[in-house]
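**Student:** sequence first, predicted coordinates after that:
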Amino acid sequence: MKEVNKEVLKDAANRLLFDMKDEEYDTLLNEFGAIQHQLNLIGNIKGVDEVSPMTFPFDVTITYLREDEPETPLSQKDVLKNAHDVKDGQIKLPKVVG
């Protein structure tokens with residue numbers, strides 16, 4: 001695993017287009033140390049590699065999602081008659097980014 005140091009954190013922040021104060025990098029570096037220590041403790045548990053990962057913490061037998069009924073989609077004409085502004089067979093939206 002690549003060693004996490006202040007330079008690695010600064011490079012990652014630069015790639016994500018933000019910067020922090022030096023004391024914030026120190027705090028983040030300390031937090032990485034704590035997380036790395038906890039991961040090492042978990043990695044040292046006997047038989048942890050043989051366990052399959054959980055996708056949900058409970059055994060789910062009931063689904064609360066509705067069953068969708070197959071429907072015929074609306075025609076373009078029906079959809080566009082509900083639109084406020086239409087241009088060339090498409091819904092025209094206001095400009096969001098200036």
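**Tutor:** In hand now; what should we look at? Numbering: from 1, shown residues only.

**Student:** please count neighbours and contacts with C-alpha atoms only from this point.
**Tutor:** Noted.

**Student:** and the one residue sitting closest to the centre of the chain, what pLDDT?
**Tutor:** Centroid-nearest residue in the chain: residue 16, 15.0 Å away (criterion: Cα atoms, centre = their mean). In this model, residue 16 is scored at 94, pLDDT.

**Student:** do the same with residue 59
**Tutor:** For residue 59, pLDDT reads 76.

**Student:** with residue 38 instead?
**Tutor:** You'll see residue 38 listed with a pLDDT of 94.

**Student:** wasn't it part of a helix?
**Tutor:** Yes - Residue 38 forms part of a helix when assessed by DSSP: H, G, I helix; E, B strand; the rest coil.

**Student:** backbone phi and psi for residue 91, please?
**Tutor:** The phi/psi pair for residue 91 (degrees, to the nearest 10) reads phi -80, psi 130.

**Student:** count of neighbours near it?
**Tutor:** Look at residue 91: counted by other Cα atoms under 10 Å, it has 14 neighbours.

**Student:** mind listing what it touches?
**Tutor:** Counting by Cα atoms under 8 Å, 6 or more residues apart in numbering, residue 91 touches 80, 83-85.

**Student:** does it have beta-bridge partners, and which?
**Tutor:** Residue 91 has these beta-bridge partners by DSSP bridges: residue 86.

**Student:** and it, what pLDDT?
**Tutor:** Reported pLDDT for residue 91: 92.

**Student:** and it, how far is that from residue 73?
**Tutor:** Going from residue 91 to residue 73 by Cα to Cα, to the nearest Å gives 17 Å.

**Student:** repeat for residue 26
**Tutor:** Residue 26 sits 55 Å away from residue 73, going by Cα to Cα.
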